[in-house]
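S.K.: got a sequence here, can you build the structure:
(chains A and B)
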Amino acid sequence: MKVNSIKQQNLSSKNQNFKGLGSAIAGQLAKHPVAIAGLATSSVVAQKIVMSGSEATIGPVMDILTGKTITKITNEKDGRTNQSSKTQAIRTCAQSIGGTITGVIIRTLCIFGSTLALSKAGGDIGKMIALGVKNPENQYQLAQQTAAWGKSLGGAIAILVMMFTNFLIDAPFINKINKEMTHAVDKFSSKKQAQTQKEVK
Amino acid sequence: MALNLTSLLSKVNPDPSKAGKTLLFLNALGMIFAALSNTFACATDKNTSKKDKKFLVPAGVVTGIANIGIYYGMTTKIINKLGGKKIYPKENQTVNLIISKLKDGTFEVLTDDKGQKYVEVKGTAHNIIEKLEKGGTFDKEVKKFVNKEIKKAQNGNIFGFGKKTQEYIVSMKESLLDGGKPSQYAQNLFKDNIKSGMGVLGAFIGAVIGCAIITPIIRDISAYFVQKRMEKHNPDLQNKPYMPYFDPSHLKVNIHGKKQPLSMKNYMAFTSSGSNLKV
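M.R.: Got it, this is the predicted structure:
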(Lines give C-alpha, C1' and ligand atoms only; values in the text may rest on other atoms or scores of the structure.)
Protein backbone atom coordinates (compact mmCIF):
# COMPACT_ATOMS: atom_id res chain seq x y z
CA MET A 1 0.00 0.00 0.00
CA LYS A 2 2.79 2.34 1.04
CA VAL A 3 4.75 1.57 -2.11
CA ASN A 4 1.67 2.27 -4.21
CA SER A 5 1.00 5.56 -2.51
CA ILE A 6 4.64 6.61 -2.97
CA LYS A 7 4.41 5.65 -6.64
CA GLN A 8 1.21 7.63 -7.00
CA GLN A 9 2.80 10.60 -5.27
CA ASN A 10 5.77 10.44 -7.62
CA LEU A 11 3.48 10.22 -10.64
CA SER A 12 1.34 13.13 -9.53
CA SER A 13 4.40 15.25 -8.75
CA LYS A 14 5.78 14.42 -12.22
CA ASN A 15 2.47 15.50 -13.77
CA GLN A 16 2.50 18.66 -11.71
CA ASN A 17 6.04 19.37 -12.88
CA PHE A 18 4.94 18.90 -16.48
CA LYS A 19 1.94 21.17 -16.02
CA GLY A 20 4.19 23.58 -14.15
CA LEU A 21 6.62 23.64 -17.06
CA GLY A 22 3.80 24.25 -19.57
CA SER A 23 2.34 27.10 -17.57
CA ALA A 24 5.82 28.47 -16.91
CA ILE A 25 6.45 28.63 -20.67
CA ALA A 26 3.01 30.22 -21.19
CA GLY A 27 3.83 32.65 -18.37
CA GLN A 28 7.12 33.60 -20.03
CA LEU A 29 5.37 34.07 -23.38
CA ALA A 30 2.69 36.19 -21.70
CA LYS A 31 5.43 38.64 -20.73
CA HIS A 32 6.10 39.37 -24.41
CA PRO A 33 2.65 39.59 -26.06
CA VAL A 34 3.72 42.36 -28.48
CA ALA A 35 6.59 40.22 -29.77
CA ILE A 36 4.20 37.26 -30.22
CA ALA A 37 1.74 39.51 -32.06
CA GLY A 38 4.62 40.58 -34.31
CA LEU A 39 5.15 36.94 -35.35
CA ALA A 40 1.71 36.93 -36.97
CA THR A 41 3.01 38.74 -40.05
CA SER A 42 5.84 36.23 -40.62
CA SER A 43 6.11 34.77 -44.08
CA VAL A 44 7.69 31.66 -45.55
CA VAL A 45 10.97 33.61 -45.65
CA ALA A 46 11.14 33.71 -41.85
CA GLN A 47 10.14 30.05 -41.72
CA LYS A 48 12.91 29.12 -44.14
CA ILE A 49 15.52 31.01 -42.08
CA VAL A 50 14.40 29.37 -38.83
CA MET A 51 14.16 25.93 -40.44
CA SER A 52 17.49 26.04 -42.27
CA GLY A 53 19.31 27.63 -39.35
CA SER A 54 18.29 24.74 -37.13
CA GLU A 55 18.99 22.26 -39.93
CA ALA A 56 22.54 23.62 -40.33
CA THR A 57 23.26 23.36 -36.60
CA ILE A 58 21.18 20.45 -35.25
CA GLY A 59 20.94 18.40 -38.50
CA PRO A 60 24.64 17.41 -38.72
CA VAL A 61 24.64 16.41 -35.05
CA MET A 62 21.59 14.21 -35.68
CA ASP A 63 23.34 12.63 -38.69
CA ILE A 64 26.38 11.70 -36.61
CA LEU A 65 24.28 10.45 -33.69
CA THR A 66 22.09 8.33 -36.01
CA GLY A 67 25.21 6.86 -37.65
CA LYS A 68 26.68 6.00 -34.24
CA THR A 69 23.40 4.44 -33.09
CA ILE A 70 23.05 2.30 -36.24
CA THR A 71 26.69 1.17 -35.88
CA LYS A 72 26.04 0.21 -32.26
CA ILE A 73 22.70 -1.53 -32.82
CA THR A 74 23.82 -3.50 -35.89
CA ASN A 75 27.22 -4.22 -34.33
CA GLU A 76 28.83 -3.05 -37.56
CA LYS A 77 32.55 -3.65 -37.18
CA ASP A 78 33.98 -1.60 -40.03
CA GLY A 79 31.97 1.47 -38.98
CA ARG A 80 31.13 2.38 -42.57
CA THR A 81 27.72 3.77 -41.59
CA ASN A 82 29.41 5.95 -39.00
CA GLN A 83 31.86 7.23 -41.61
CA SER A 84 29.20 7.99 -44.16
CA SER A 85 27.11 9.78 -41.52
CA LYS A 86 30.00 12.20 -41.08
CA THR A 87 30.01 12.81 -44.83
CA GLN A 88 26.23 13.27 -44.71
CA ALA A 89 26.62 15.71 -41.80
CA ILE A 90 28.84 17.96 -43.95
CA ARG A 91 26.35 17.66 -46.80
CA THR A 92 23.41 18.54 -44.53
CA CYS A 93 25.23 21.68 -43.43
CA ALA A 94 26.09 22.61 -47.05
CA GLN A 95 22.51 21.99 -48.14
CA SER A 96 21.13 24.20 -45.40
CA ILE A 97 23.50 27.06 -46.19
CA GLY A 98 23.04 26.87 -49.99
CA GLY A 99 19.31 26.19 -49.73
CA THR A 100 18.80 29.16 -47.41
CA ILE A 101 20.63 31.61 -49.67
CA THR A 102 18.69 30.67 -52.83
CA GLY A 103 15.46 29.91 -50.93
CA VAL A 104 15.34 33.27 -49.16
CA ILE A 105 16.14 35.24 -52.35
CA ILE A 106 13.51 33.42 -54.45
CA ARG A 107 10.83 33.56 -51.76
CA THR A 108 11.44 37.27 -51.09
CA LEU A 109 11.28 38.11 -54.81
CA CYS A 110 8.08 36.08 -55.31
CA ILE A 111 6.36 37.66 -52.28
CA PHE A 112 7.48 41.16 -53.29
CA GLY A 113 6.29 40.59 -56.89
CA SER A 114 2.93 39.13 -55.81
CA THR A 115 2.24 41.93 -53.32
CA LEU A 116 3.13 44.56 -55.90
CA ALA A 117 0.95 42.92 -58.56
CA LEU A 118 -1.99 42.50 -56.16
CA SER A 119 -1.77 46.07 -54.90
CA LYS A 120 -2.17 47.28 -58.48
CA ALA A 121 -4.75 44.67 -59.48
CA GLY A 122 -8.29 45.81 -60.11
CA GLY A 123 -11.41 44.03 -61.37
CA ASP A 124 -12.35 40.68 -59.89
CA ILE A 125 -9.02 40.16 -58.13
CA GLY A 126 -9.17 43.61 -56.52
CA LYS A 127 -12.74 42.95 -55.34
CA MET A 128 -11.76 39.53 -54.00
CA ILE A 129 -8.94 40.99 -51.90
CA ALA A 130 -11.23 43.73 -50.55
CA LEU A 131 -13.79 41.09 -49.48
CA GLY A 132 -12.10 40.32 -46.16
CA VAL A 133 -11.59 44.00 -45.25
CA LYS A 134 -14.02 45.62 -42.83
CA ASN A 135 -13.50 49.08 -44.29
CA PRO A 136 -12.16 48.81 -47.88
CA GLU A 137 -11.96 52.62 -48.13
CA ASN A 138 -9.27 52.61 -45.46
CA GLN A 139 -5.86 52.44 -47.17
CA TYR A 140 -4.17 50.80 -44.18
CA GLN A 141 -6.71 47.98 -43.83
CA LEU A 142 -6.65 47.28 -47.55
CA ALA A 143 -2.83 47.28 -47.62
CA GLN A 144 -2.73 44.83 -44.69
CA GLN A 145 -5.03 42.47 -46.57
CA THR A 146 -3.02 42.83 -49.81
CA ALA A 147 0.21 42.08 -47.92
CA ALA A 148 -1.38 38.95 -46.39
CA TRP A 149 -2.47 37.76 -49.86
CA GLY A 150 0.97 38.62 -51.27
CA LYS A 151 2.70 36.53 -48.63
CA SER A 152 0.45 33.50 -49.13
CA LEU A 153 0.35 33.65 -52.90
CA GLY A 154 4.04 34.57 -53.22
CA GLY A 155 4.95 31.65 -50.95
CA ALA A 156 2.98 29.26 -53.16
CA ILE A 157 4.50 30.68 -56.38
CA ALA A 158 7.98 30.38 -54.83
CA ILE A 159 7.43 26.66 -54.31
CA LEU A 160 6.53 26.20 -57.98
CA VAL A 161 9.52 28.30 -59.08
CA MET A 162 11.83 26.32 -56.82
CA MET A 163 10.83 23.07 -58.45
CA PHE A 164 13.02 24.27 -61.35
CA THR A 165 15.63 26.34 -59.53
CA ASN A 166 16.37 23.38 -57.26
CA PHE A 167 17.84 21.58 -60.22
CA LEU A 168 19.23 24.60 -62.06
CA ILE A 169 20.73 26.62 -59.20
CA ASP A 170 20.57 24.79 -55.86
CA ALA A 171 22.09 21.45 -56.87
CA PRO A 172 25.34 22.82 -58.44
CA PHE A 173 25.62 25.59 -55.82
CA ILE A 174 25.22 23.15 -52.93
CA ASN A 175 27.70 20.74 -54.51
CA LYS A 176 30.24 23.56 -54.64
CA ILE A 177 29.70 24.50 -50.99
CA ASN A 178 29.85 20.82 -50.06
CA LYS A 179 33.18 20.42 -51.87
CA GLU A 180 34.68 23.46 -50.15
CA MET A 181 33.44 22.34 -46.74
CA THR A 182 34.73 18.79 -47.25
CA HIS A 183 38.17 20.19 -48.18
CA ALA A 184 38.14 22.44 -45.11
CA VAL A 185 37.15 19.57 -42.79
CA ASP A 186 39.78 17.25 -44.36
CA LYS A 187 42.46 19.93 -43.94
CA PHE A 188 41.46 20.48 -40.33
CA SER A 189 41.43 16.78 -39.45
CA SER A 190 44.78 16.10 -41.18
CA LYS A 191 46.33 19.05 -39.28
CA LYS A 192 44.92 17.69 -36.04
CA GLN A 193 46.24 14.21 -36.85
CA ALA A 194 49.71 15.57 -37.60
CA GLN A 195 49.69 17.49 -34.32
CA THR A 196 48.70 14.37 -32.36
CA GLN A 197 51.45 12.37 -34.05
CA LYS A 198 53.99 15.06 -33.12
CA GLU A 199 52.84 14.97 -29.52
CA VAL A 200 53.14 11.16 -29.43
CA LYS A 201 56.69 11.36 -30.76
CA MET B 1 -12.24 32.79 -64.06
CA ALA B 2 -12.74 34.64 -60.79
CA LEU B 3 -14.46 31.64 -59.22
CA ASN B 4 -11.66 29.26 -60.19
CA LEU B 5 -9.05 31.70 -58.97
CA THR B 6 -10.88 32.08 -55.66
CA SER B 7 -11.05 28.36 -55.06
CA LEU B 8 -7.38 27.98 -55.96
CA LEU B 9 -6.27 30.85 -53.76
CA SER B 10 -8.36 29.64 -50.82
CA LYS B 11 -5.81 26.83 -50.47
CA VAL B 12 -3.23 29.41 -49.44
CA ASN B 13 -5.59 31.25 -47.13
CA PRO B 14 -4.23 34.62 -45.99
CA ASP B 15 -6.68 34.66 -43.04
CA PRO B 16 -4.43 35.76 -40.14
CA SER B 17 -6.03 33.17 -37.85
CA LYS B 18 -4.64 30.51 -40.19
CA ALA B 19 -1.14 32.00 -40.59
CA GLY B 20 0.58 29.05 -38.91
CA LYS B 21 -1.38 26.50 -40.93
CA THR B 22 -0.66 28.34 -44.20
CA LEU B 23 3.08 28.16 -43.41
CA LEU B 24 2.74 24.47 -42.60
CA PHE B 25 0.75 23.81 -45.78
CA LEU B 26 3.29 25.59 -47.99
CA ASN B 27 6.24 23.82 -46.39
CA ALA B 28 4.57 20.41 -46.64
CA LEU B 29 3.66 21.14 -50.27
CA GLY B 30 7.29 21.90 -51.00
CA MET B 31 8.35 18.65 -49.33
CA ILE B 32 5.77 16.69 -51.36
CA PHE B 33 7.05 18.20 -54.63
CA ALA B 34 10.63 17.41 -53.61
CA ALA B 35 9.78 13.79 -52.73
CA LEU B 36 7.84 13.40 -56.00
CA SER B 37 10.71 14.80 -58.08
CA ASN B 38 13.16 12.47 -56.36
CA THR B 39 10.99 9.40 -56.83
CA PHE B 40 10.29 10.32 -60.46
CA ALA B 41 14.03 10.82 -61.05
CA CYS B 42 14.69 7.38 -59.57
CA ALA B 43 11.91 5.73 -61.58
CA THR B 44 13.18 7.17 -64.89
CA ASP B 45 16.89 6.63 -64.24
CA LYS B 46 18.49 4.53 -66.95
CA ASN B 47 21.46 3.56 -64.76
CA THR B 48 19.29 1.72 -62.24
CA SER B 49 18.10 -1.79 -63.07
CA LYS B 50 14.39 -2.65 -63.12
CA LYS B 51 14.95 -5.06 -60.27
CA ASP B 52 16.45 -2.34 -58.10
CA LYS B 53 13.73 0.12 -59.07
CA LYS B 54 11.10 -2.28 -57.75
CA PHE B 55 12.66 -1.79 -54.35
CA LEU B 56 14.01 1.75 -54.58
CA VAL B 57 10.85 3.51 -55.81
CA PRO B 58 8.55 2.15 -53.06
CA ALA B 59 11.34 2.76 -50.51
CA GLY B 60 11.51 6.41 -51.64
CA VAL B 61 7.73 6.76 -51.49
CA VAL B 62 7.47 5.19 -48.03
CA THR B 63 10.32 7.37 -46.68
CA GLY B 64 8.69 10.49 -48.16
CA ILE B 65 5.25 9.66 -46.76
CA ALA B 66 6.68 8.83 -43.32
CA ASN B 67 8.74 12.01 -43.24
CA ILE B 68 6.02 14.38 -44.44
CA GLY B 69 3.24 12.57 -42.53
CA ILE B 70 5.05 12.77 -39.19
CA TYR B 71 6.01 16.42 -39.81
CA TYR B 72 2.47 17.44 -40.85
CA GLY B 73 0.63 15.56 -38.09
CA MET B 74 2.98 16.70 -35.35
CA THR B 75 3.07 20.35 -36.46
CA THR B 76 -0.73 20.55 -36.79
CA LYS B 77 -1.04 19.39 -33.17
CA ILE B 78 1.55 21.91 -31.97
CA ILE B 79 -0.17 24.77 -33.86
CA ASN B 80 -3.59 23.82 -32.45
CA LYS B 81 -2.17 23.53 -28.95
CA LEU B 82 -0.51 26.94 -29.08
CA GLY B 83 -2.85 28.99 -31.25
CA GLY B 84 -6.14 27.11 -30.73
CA LYS B 85 -8.42 26.14 -33.61
CA LYS B 86 -11.74 27.05 -35.16
CA ILE B 87 -14.25 24.27 -35.84
CA TYR B 88 -17.15 25.05 -38.16
CA PRO B 89 -20.10 22.64 -38.05
CA LYS B 90 -20.32 20.44 -41.14
CA GLU B 91 -23.54 19.76 -43.00
CA ASN B 92 -26.16 18.06 -40.77
CA GLN B 93 -24.05 18.94 -37.73
CA THR B 94 -24.85 21.42 -34.98
CA VAL B 95 -22.53 23.44 -32.76
CA ASN B 96 -23.97 21.54 -29.78
CA LEU B 97 -22.73 18.26 -31.24
CA ILE B 98 -19.20 19.64 -31.46
CA ILE B 99 -19.17 21.05 -27.94
CA SER B 100 -20.63 17.85 -26.48
CA LYS B 101 -17.26 16.22 -27.19
CA LEU B 102 -15.20 18.99 -25.58
CA LYS B 103 -14.36 19.71 -21.96
CA ASP B 104 -15.98 22.71 -20.26
CA GLY B 105 -13.84 25.83 -20.26
CA THR B 106 -11.71 24.69 -23.20
CA PHE B 107 -13.82 26.33 -25.91
CA GLU B 108 -15.94 29.33 -26.87
CA VAL B 109 -18.94 29.47 -29.22
CA LEU B 110 -18.57 32.53 -31.47
CA THR B 111 -20.20 34.02 -34.55
CA ASP B 112 -18.18 35.17 -37.56
CA ASP B 113 -18.71 38.23 -39.82
CA LYS B 114 -21.05 36.23 -42.05
CA GLY B 115 -23.22 35.33 -39.06
CA GLN B 116 -22.15 31.68 -38.97
CA LYS B 117 -21.65 30.04 -35.59
CA TYR B 118 -18.39 28.19 -34.90
CA VAL B 119 -16.48 26.69 -31.98
CA GLU B 120 -13.11 28.13 -31.04
CA VAL B 121 -11.02 25.61 -29.11
CA LYS B 122 -8.71 27.50 -26.77
CA GLY B 123 -4.93 27.23 -26.99
CA THR B 124 -2.02 28.78 -25.10
CA ALA B 125 -2.73 32.06 -26.95
CA HIS B 126 -6.15 32.30 -25.30
CA ASN B 127 -4.56 31.71 -21.88
CA ILE B 128 -2.12 34.54 -22.57
CA ILE B 129 -4.94 36.91 -23.54
CA GLU B 130 -6.98 35.91 -20.46
CA LYS B 131 -3.91 36.41 -18.26
CA LEU B 132 -3.40 39.91 -19.68
CA GLU B 133 -7.07 40.83 -19.25
CA LYS B 134 -7.29 39.48 -15.71
CA GLY B 135 -3.95 41.03 -14.75
CA GLY B 136 -5.14 44.43 -15.99
CA THR B 137 -2.21 44.83 -18.40
CA PHE B 138 -4.14 44.27 -21.63
CA ASP B 139 -4.73 47.98 -22.37
CA LYS B 140 -1.08 48.80 -21.74
CA GLU B 141 0.07 46.07 -24.12
CA VAL B 142 -2.39 47.10 -26.86
CA LYS B 143 -1.04 50.65 -26.59
CA LYS B 144 2.52 49.31 -26.98
CA PHE B 145 1.43 47.26 -29.98
CA VAL B 146 -0.29 50.23 -31.66
CA ASN B 147 2.68 52.55 -31.03
CA LYS B 148 5.08 49.95 -32.44
CA GLU B 149 2.96 49.54 -35.58
CA ILE B 150 2.73 53.30 -36.15
CA LYS B 151 6.48 53.77 -35.54
CA LYS B 152 7.24 50.97 -38.01
CA ALA B 153 5.11 52.66 -40.65
CA GLN B 154 6.74 56.04 -40.02
CA ASN B 155 10.38 54.90 -39.87
CA GLY B 156 10.39 51.66 -41.89
CA ASN B 157 12.47 48.66 -40.86
CA ILE B 158 16.03 48.71 -39.48
CA PHE B 159 17.38 49.34 -42.99
CA GLY B 160 14.96 52.22 -43.49
CA PHE B 161 12.86 50.31 -46.05
CA GLY B 162 9.08 50.15 -45.89
CA LYS B 163 8.39 53.76 -44.88
CA LYS B 164 4.73 54.51 -45.53
CA THR B 165 3.12 57.58 -47.04
CA GLN B 166 1.44 60.23 -44.91
CA GLU B 167 -1.93 59.19 -46.33
CA TYR B 168 -1.32 55.60 -45.22
CA ILE B 169 -0.30 56.69 -41.70
CA VAL B 170 -3.43 58.83 -41.40
CA SER B 171 -5.67 55.88 -42.37
CA MET B 172 -3.67 53.68 -39.99
CA LYS B 173 -4.29 56.04 -37.09
CA GLU B 174 -7.96 56.23 -38.07
CA SER B 175 -8.20 52.44 -37.73
CA LEU B 176 -6.04 51.88 -34.68
CA LEU B 177 -6.84 54.91 -32.57
CA ASP B 178 -10.08 56.24 -31.16
CA GLY B 179 -9.70 59.56 -29.35
CA GLY B 180 -6.00 58.93 -28.78
CA LYS B 181 -6.65 55.51 -27.23
CA PRO B 182 -6.46 52.08 -28.98
CA SER B 183 -9.72 51.50 -30.87
CA GLN B 184 -11.89 48.38 -30.70
CA TYR B 185 -10.40 47.41 -34.11
CA ALA B 186 -6.87 47.64 -32.63
CA GLN B 187 -7.87 45.53 -29.62
CA ASN B 188 -9.36 42.83 -31.83
CA LEU B 189 -6.34 42.98 -34.15
CA PHE B 190 -4.00 42.56 -31.17
CA LYS B 191 -5.94 39.53 -29.92
CA ASP B 192 -6.04 37.98 -33.42
CA ASN B 193 -2.32 38.62 -33.88
CA ILE B 194 -1.48 36.91 -30.57
CA LYS B 195 -3.50 33.86 -31.69
CA SER B 196 -1.94 33.73 -35.15
CA GLY B 197 1.51 34.60 -33.74
CA MET B 198 1.31 31.56 -31.48
CA GLY B 199 0.23 29.51 -34.52
CA VAL B 200 3.27 30.75 -36.43
CA LEU B 201 5.47 29.90 -33.43
CA GLY B 202 3.99 26.38 -33.56
CA ALA B 203 4.79 26.16 -37.29
CA PHE B 204 8.39 27.21 -36.56
CA ILE B 205 8.75 24.65 -33.74
CA GLY B 206 7.31 21.93 -36.00
CA ALA B 207 9.68 22.89 -38.83
CA VAL B 208 12.68 22.75 -36.51
CA ILE B 209 11.74 19.37 -35.01
CA GLY B 210 10.62 17.95 -38.37
CA CYS B 211 13.47 19.10 -40.57
CA ALA B 212 16.40 19.19 -38.18
CA ILE B 213 15.63 16.11 -36.09
CA ILE B 214 13.10 13.77 -37.71
CA THR B 215 14.25 14.10 -41.35
CA PRO B 216 17.93 13.22 -40.68
CA ILE B 217 16.89 10.19 -38.59
CA ILE B 218 14.45 8.83 -41.21
CA ARG B 219 16.85 9.60 -44.09
CA ASP B 220 19.87 7.96 -42.42
CA ILE B 221 17.96 4.86 -41.32
CA SER B 222 16.41 4.38 -44.78
CA ALA B 223 19.86 4.98 -46.35
CA TYR B 224 21.27 2.18 -44.20
CA PHE B 225 18.65 -0.30 -45.41
CA VAL B 226 19.13 0.79 -49.03
CA GLN B 227 22.89 0.30 -48.62
CA LYS B 228 22.42 -3.21 -47.25
CA ARG B 229 20.02 -4.05 -50.06
CA MET B 230 22.47 -2.75 -52.69
CA GLU B 231 25.27 -4.78 -51.14
CA LYS B 232 23.24 -7.96 -51.53
CA HIS B 233 23.20 -7.45 -55.29
CA ASN B 234 26.72 -5.98 -55.52
CA PRO B 235 28.99 -7.77 -53.03
CA ASP B 236 31.89 -5.57 -54.25
CA LEU B 237 30.34 -2.63 -52.46
CA GLN B 238 31.04 -4.31 -49.11
CA ASN B 239 34.73 -3.50 -49.53
CA LYS B 240 34.10 0.18 -50.09
CA PRO B 241 34.94 2.51 -47.23
CA TYR B 242 31.70 4.45 -47.39
CA MET B 243 28.10 3.88 -48.30
CA PRO B 244 27.99 3.27 -52.06
CA TYR B 245 26.61 6.70 -52.84
CA PHE B 246 29.49 8.45 -51.14
CA ASP B 247 32.09 6.41 -52.99
CA PRO B 248 33.97 8.74 -55.38
CA SER B 249 34.43 5.88 -57.86
CA HIS B 250 30.73 6.27 -58.64
CA LEU B 251 31.26 9.83 -59.82
CA LYS B 252 30.87 10.41 -63.53
CA VAL B 253 33.67 12.02 -65.56
CA ASN B 254 32.45 15.12 -67.34
CA ILE B 255 33.65 16.58 -70.66
CA HIS B 256 36.42 18.49 -68.89
CA GLY B 257 37.82 15.23 -67.56
CA LYS B 258 36.76 16.05 -64.00
CA LYS B 259 34.62 13.82 -61.85
CA GLN B 260 31.21 15.30 -61.17
CA PRO B 261 28.77 14.35 -58.45
CA LEU B 262 26.12 11.86 -59.47
CA SER B 263 23.21 13.21 -61.45
CA MET B 264 19.85 13.77 -59.79
CA LYS B 265 18.59 10.87 -61.84
CA ASN B 266 20.57 8.39 -59.83
CA TYR B 267 19.00 7.00 -56.74
CA MET B 268 22.27 7.16 -54.91
CA ALA B 269 22.10 10.90 -55.32
CA PHE B 270 18.44 10.69 -54.35
CA THR B 271 19.33 9.42 -50.92
CA SER B 272 22.44 11.49 -50.35
CA SER B 273 21.20 14.73 -51.80
CA GLY B 274 17.54 14.36 -51.02
CA SER B 275 17.45 17.65 -49.13
CA ASN B 276 18.88 19.38 -52.22
CA LEU B 277 15.36 19.41 -53.43
CA LYS B 278 13.80 20.62 -50.26
CA VAL B 279 11.79 23.78 -50.96
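S.K.: contacts, neighbours, all on C-alpha from now
M.R.: Fine.
S.K.: is it true that B:Lys84 touches B:Val119?
M.R.: Lys isn't right for residue B:84; it's Gly. No: using Cα atoms under 8 Å, B:Gly84 makes no contact with B:Val119, being 10.4 Å away.
S.K.: so between those two, which is more surrounded?
M.R.: Applying other Cα atoms under 10 Å in any protein chain shown to B:Gly84 and B:Val119 shows that B:Gly84 carries more neighbours, namely 23 against 19.
S.K.: quick one: low-confidence residue ranges for chain A.
M.R.: A:1-22, A:132 (pLDDT under 70).
S.K.: quick one: the helices in it?
M.R.: A:2-30, A:33-39, A:44-74, A:80-120, A:123-130, A:139-165, A:171-200 (DSSP state H).
S.K.: how about chain B?
M.R.: B:2-9, B:19-43, B:50-83, B:95-99, B:124-135, B:138-155, B:166-176, B:184-208, B:215-233, B:267-272.
S.K.: nearest to A:Ala89 among those helices would be which one?
M.R.: Nearest of those to A:Ala89, taken as Cα to Cα: helix B:215-233 at 9.1 Å.
S.K.: do any residues in the closest one lie close to chain A?
M.R.: Yes: judged by Cα under 8 Å from any Cα of the partner chain, helix B:215-233 comes into contact with chain A through B:216-217, B:220-221, B:224.
S.K.: of these - the most surrounded one?
M.R.: Going by other Cα under 10 Å, B:Pro216 tops the residues of helix B:215-233 next to chain A with 28 neighbours.
S.K.: would you check that that one makes contact with A:Val61?
M.R.: No: B:Pro216 is beyond contact range of A:Val61, at 9.3 Å (criterion: Cα under 8 Å).
S.K.: distance of B:Lys164 from chain A?
M.R.: In this view, B:Lys164 and chain A are 10 Å apart by Cα to the nearest Cα, to the nearest Å.
S.K.: without its sequence neighbours, what residue ends up closest to that residue?
M.R.: Excluding its sequence neighbours, the residue lying closest to B:Lys164 (Cα to Cα, 6 or more residues apart in numbering or on different chains) is B:Ala153, at 5.2 Å.
S.K.: I figured that neighbour hits B:Gly162, correct?
M.R.: Yes: in this structure, B:Ala153 is within contact of B:Gly162 by Cα under 8 Å, at 7.0 Å.
S.K.: which of the two has more residues huddled nearby?
M.R.: For B:Ala153 versus B:Gly162, neighbours defined as other Cα under 10 Å are more numerous around B:Ala153 (19 against 13).
S.K.: re the thing from before, export the residues of helix B:215-233 next to chain A to a markdown table and tack on pLDDT?
M.R.: Output for the residues of helix B:215-233 next to chain A, formatted as a markdown table (pLDDT from 0 to 100):
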| residue | pLDDT |
| --- | --- |
| B:Pro216 | 86 |
| B:Ile217 | 89 |
| B:Asp220 | 83 |
| B:Ile221 | 86 |
| B:Tyr224 | 81 |
